[in-house]
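Colleague: Next input, structure requested:
(2 chains)
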Amino acid sequence: MVTCSADGTPNTTVISQVYYVDETHAALSFQFFSKTIRNVRENPRAFVCVFDIAGQAHWALQLAFERSETEGPIFDAMEMQIEAIASMTGMSGIFKLRAADIYRVLSVEKVPHAD
Amino acid sequence: MPFGHRVSGWRVGADHRTITFLFPDEFHARLLESLQQNGALAVTLEEFPSHETYQFKGRFVRHREIQDADLENVDRIRQRFVKSLRPMYPHAPEDVLKRFVSPPSLAVDFEVLEIFLQTPGPGAGTRLVPPMDR
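Modeller: Numbering: from 1, shown residues only, chains lettered A, B, ... in the order given. The predicted structure follows:
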């Protein structure tokens, strides 16, 4: 995930989960990186690249931050998935969802692998 | 608007102040335009399955064509990537996993100004270089 501060300084992070909310929104897991949330409050634009093993491609999403949720059905569903991801990747007890950050999806682009 | 570009490989420069990142064709779009516009670059590298992760921030120095040593570098990284993902995707064909690390087609040299720890846990976000007290 990539964000920028108001002065254009980029920040990149690896995130655990991009969650489908509806046709125009995605939720990103906020776990550790306070710089990301500071940036999107200054400059709401963000970029995320998703790794798709089954589809053999990456997906590039341009996003605009709308709000953070710390309770409710989206948060609960993501929290349960984070626990499953943590268990699969040996990070139980370390991965903890602090918020579900809701973004409006501005564009989606499939990035096929080069042959 | 921030843009992200996956890299296929990297190598620390002989001066220990620069890193060369190797970009595949499919992630060239807007890359040089963005770098030449403001020169600011941030790159996160994660080792899997340990999740040991670092973010490097700095400035674009130059770009160049790919050399044979770059291709060998990416081959090694591709093998390591497939080996680390195999426990999570035990039935995925080898060539499917290998294609996630595409052959590089552009090398970008980058001067590192800051390094941050991003390994998941309480220390995530700590600036390592220069140390936080500076």
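Colleague: mind listing what the spatially most central residue of chain A touches?
Modeller: A centroid search over chain A (Cα atoms, centre = their mean) returns A:Leu28, at 2.9 Å, as the residue closest to the centre. Neighbour list for A:Leu28: A:1, A:15, A:17-19, A:46, A:48, A:63, A:100-101, A:103 [criterion: Cβ atoms under 8 Å, 6 or more residues apart in numbering or on different chains]. Yep, even glycine has a C-beta here, placed from its N, CA and C like the rest.
Colleague: if we go to 6 Å?
Modeller: Counting by Cβ atoms under 6 Å, 6 or more residues apart in numbering or on different chains, A:Leu28 makes contact with A:15, A:18, A:101.
Colleague: In chain A, which helix is the longest?
Modeller: Ranked by number of residues, the top helix in chain A under DSSP state H is helix A:73-88.
Colleague: Tell me if that helix is near chain B.
Modeller: No: remark: helix A:73-88 sits outside contact range of chain B, by Cβ under 6 Å from any Cβ of the partner chain, the gap being at least 6.7 Å.
Colleague: for that helix, which positions count as buried?
Modeller: By neighbour count with 16 or more other Cβ atoms under 10 Å in any protein chain shown, helix A:73-88 contains the buried residues A:75, A:78-79, A:82, A:85-86.
Colleague: out of those, who's nearest B:Asp75?
Modeller: A:Ile85 (29.5 Å; Cβ to Cβ).
Colleague: For the closest one, which residues are in contact?
Modeller: So A:Ile85 contacts A:Ser16 (Cβ under 6 Å, 6+ apart).
Colleague: Tell me, what's the model's pLDDT at B:Glu65?
Modeller: Note for B:Glu65: predicted pLDDT of 96.
Colleague: Give the buried residues for the longest strand along chain B.
Modeller: In chain B, with assignment by DSSP state E, the single longest strand is strand B:104-117. Buried residues in strand B:104-117, counted by 16+ other Cβ under 10 Å: B:104-108, B:110-112, B:115-116.
Colleague: So what touches it?
Modeller: B:8, B:18-25, B:41, B:54-59, B:61-64, B:66, B:70, B:74, B:123, B:126-129.
Colleague: Provide the strand pairings for the next helix or strand after that strand, with the direction of each partner.
Modeller: Next along the chain after strand B:104-117, taking DSSP states H and E as the criterion, comes strand B:127-129. In the sheet containing strand B:127-129, its partner strands are strand B:104-117 (antiparallel), by DSSP bridges.
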